[in-house]
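Visitor: Please find the sequence and the predicted model below.
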Amino acid sequence: MGAFTVVLILIDVIAAIGLIALVLFQQGQARGLGAIAGGAETFFGKTKGRSIDGLLKKLTTVLAVLFLALTIALYLMTGRGV
């Protein structure tokens, strides 16, 4: 196993831990009975893309794609994918 593979493994593990942390920081989508009458839609709900929740969602997507790409690359590099 070369040094490049070890570096990729470390980045993959850091990406996995970061992905777990980002998912745990996000709020749940359950809004309770207020969603039935439309009470969940507030003024602040319209700017959700610019809030901390929107930022966490974007970071989660980026880290998930990075983790997926690194995991597939490592699988192919170790010879198991051939």
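Guide: Now that the structure is in, tell me what you want to look at.
Visitor: since we're on residue 63, how many residues are nearby?
Guide: Residue 63 has 20 neighbours, counted by other Cβ atoms under 10 Å. Using the backbone N, CA and C atoms, a C-beta is placed for each residue, glycine as well.
Visitor: do the same with residue 28
Guide: The burial count for residue 28: 5, using other Cβ under 10 Å.
Visitor: Look at it and tell me its secondary structure.
Guide: coil (DSSP: H, G, I helix; E, B strand; the rest coil).
Visitor: how close does it get to residue 53?
Guide: Look at residue 28 and residue 53: by Cβ to Cβ, to the nearest Å, they are 11 Å apart.
Visitor: Could you do residue 78 as well?
Guide: Residue 78 sits 37 Å away from residue 53, taking Cβ to Cβ as the criterion.
Visitor: Then residue 8?
Guide: Taking Cβ to Cβ, one finds residue 8 at 31 Å from residue 53.
Visitor: Residue 9 and residue 75 touch, don't they?
Guide: No. Look at residue 9 against residue 75 with Cβ atoms under 8 Å: they stay out of range, at 11.4 Å.
Visitor: neighbour count winner among these two?
Guide: residue 9 (15 against 12).
Visitor: residues touching that one, list them.
Guide: Residue 9 sits next to residue 74 when contact means Cβ atoms under 8 Å, 6 or more residues apart in numbering.
Visitor: SS state for it?
Guide: Of the three states, residue 9 takes helix according to three-state DSSP.
Visitor: For stretch 19-31, list every residue counted as buried.
Guide: 19, 22 (16 or more other Cβ atoms under 10 Å).
Visitor: Oh, that last question was meant for stretch 58-66, not what I typed.
Guide: Buried-residue list, stretch 58-66, by 16+ other Cβ under 10 Å: 60, 63, 66.
Visitor: Alright, I will stop here.
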